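Colleague: Only the shape, not the letters, is given here:
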Ligand SMILES: Cc1cc2nc3c(=O)[nH]c(=O)nc-3n(C[C@H](O)[C@H](O)[C@H](O)COP(=O)(O)OP(=O)(O)OC[C@H]3O[C@@H](n4cnc5c(N)ncnc54)[C@H](O)[C@@H]3O)c2cc1C
């Protein structure tokens, strides 16, 4: 399965394939099973539905790897508008937002932005954090491939000086992550732990899925045994069971940590955990830039690929 996963992750970066796939009359059903829509109204409807089931949400305005200043500014404006709308609809604090720093300027070349991408991304992230606080909710910084880890954590450190509620994301597949968990397991620190979604080289990351799972458990122990607020992002039934057992072992009451899953993946399990009293947050992506996100989801579940390809052909 690994070559197929690697191939799909490679395609997720291909501009040519992106143009081909996004202009083909892709079955709405396939994209919609992971992305509820392209407009604010679509995401508000989805989050309202989740709220009715007792679920929380973190919303991602889709986009990444922006090398255009105007596009980065448009992404910030989209988040600010969305946050106002969520507040007006009474959906905050139940709904927060997730932000990829490369969507708001981190990847901008120095000549495109005075002070470089780091400075622009930090200022843009501050604007989103301010809008989130005004709306009564929070921001989590998504984690991208390992080339951005240091810069993302540096932006996080700066942001937390003014917005200590800002969430971090750590990826269990990186060798460095146990160390990062220790550094971030302090009081009030919101940390999402996921396996990691990118195709990483073996000099920085575990490539055997069992090693990734073992690392995930070690990181869980650090976060659940620490003083912060762990956000356990996985659909893996075994890891969910282990996380629940570790939460009890460390004397964690429900609500001092949360589970997170992606929109459209294991919705029955999302509701089961919520009914059992757990806080469950669903990651809801929306917008027109769904291509990279969809390809990463297909890479995790290659058996969905045949369904996807059939739908491409049958809708022609
Ligand atoms: C809330 C949330 C936020 C995330 N944020 C980030 C981030 O910032 N950076 C990052 O790199 N990654 C992020 N990820 C993705 C994550 O790193 C994994 O790539 C993804 O969650 C799949 O890993 P898994 O833990 O679910 O385990 P897997 O081993 O992939 O899957 C375990 C089980 O879950 C089910 N499942 C998994 N995927 C699918 C699917 N596509 N369709 C149907 N069933 C499926 C299957 O039953 C499977 O056996 C996030 C994930 C979540 C849930």
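Modeller: All right, it came through fine. Note that the structure is predicted; figures quoted are calculated from it, not measured. Residues are numbered from 1 along each chain as shown.

Colleague: Write out the residues of this protein neighbouring the ligand.
Modeller: 142-143, 169, 171, 192, 194-198, 233-236, 260-262, 265-266, 283, 297, 300-301, 304 (CB under 6 Å from any ligand atom). Every residue, glycine included, has its C-beta placed from N, CA and C.

Colleague: Among these, the buried ones, what's the ChimeraX command?
Modeller: Burial among the residues of the chain next to the ligand is assessed by 16 or more other CB atoms under 10 Å; the matching ChimeraX selection reads:
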select :142,143,169,171,192,194,195,196,197,198,233,234,235,260,261,262,265,266,283,297,304
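
Colleague: Cross the residues of the chain next to the ligand against strands and list the overlap.
Modeller: With strands defined by DSSP state E, the entries of these inside them are 169, 171, 192, 194, 233, 260, 261, 262, 283.

Colleague: Present these as CSV; the columns should include pLDDT.
Modeller: Below are those laid out as CSV (pLDDT from 0 to 100):
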residue, pLDDT
169, 98
171, 98
192, 98
194, 98
233, 98
260, 98
261, 97
262, 95
283, 97
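
Colleague: May I have the phi/psi pair for residue 291?
Modeller: Per-residue torsions, residue 291: phi -60, psi -50 (degrees, to the nearest 10).

Colleague: Sorry, wrong one. I was asking about residue 34.
Modeller: Dihedral angles of residue 34 (phi, psi; degrees, to the nearest 10) stand at phi -110, psi -20.

Colleague: Make 35 the starting number, not 1.
Modeller: Noted, 35 is the first residue going forward, which turns the last one into residue 68.

Colleague: Surely it and residue 317 touch.
Modeller: No. The criterion here is CB atoms under 8 Å, and residue 68 misses it with residue 317 at 10.2 Å.

Colleague: now the most centrally placed residue in the chain, nearest residue through space, not along the chain?
Modeller: Residue closest to the average C-alpha location in the chain (CA atoms, centre = their mean): residue 176, at 4.9 Å. Distances taken as CB to CB, 6 or more residues apart in numbering put residue 134 closest to residue 176, at 4.7 Å, once the chain neighbours are dropped.

Colleague: ranges for the helices of the chain?
Modeller: Per DSSP state H, the chain carries helices over the ranges 36-45, 49-57, 62-66, 74-86, 103-122, 150-168, 183-196, 211-218, 243-259, 271-283, 301-309, 325-334, 337-348.

Colleague: would you turn the ones you listed into JSON lines with mean pLDDT and distance to residue 97?
Modeller: Below are the helices of the chain laid out as JSON lines (pLDDT from 0 to 100; distance: least, CB to CB, whole Å):
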{"stretch": "helix 36-45", "mean pLDDT": "73", "distance to residue 97": "18"}
{"stretch": "helix 49-57", "mean pLDDT": "67", "distance to residue 97": "13"}
{"stretch": "helix 62-66", "mean pLDDT": "71", "distance to residue 97": "15"}
{"stretch": "helix 74-86", "mean pLDDT": "96", "distance to residue 97": "14"}
{"stretch": "helix 103-122", "mean pLDDT": "96", "distance to residue 97": "5"}
{"stretch": "helix 150-168", "mean pLDDT": "96", "distance to residue 97": "12"}
{"stretch": "helix 183-196", "mean pLDDT": "98", "distance to residue 97": "16"}
{"stretch": "helix 211-218", "mean pLDDT": "98", "distance to residue 97": "25"}
{"stretch": "helix 243-259", "mean pLDDT": "98", "distance to residue 97": "27"}
{"stretch": "helix 271-283", "mean pLDDT": "98", "distance to residue 97": "29"}
{"stretch": "helix 301-309", "mean pLDDT": "97", "distance to residue 97": "25"}
{"stretch": "helix 325-334", "mean pLDDT": "82", "distance to residue 97": "9"}
{"stretch": "helix 337-348", "mean pLDDT": "61", "distance to residue 97": "21"}
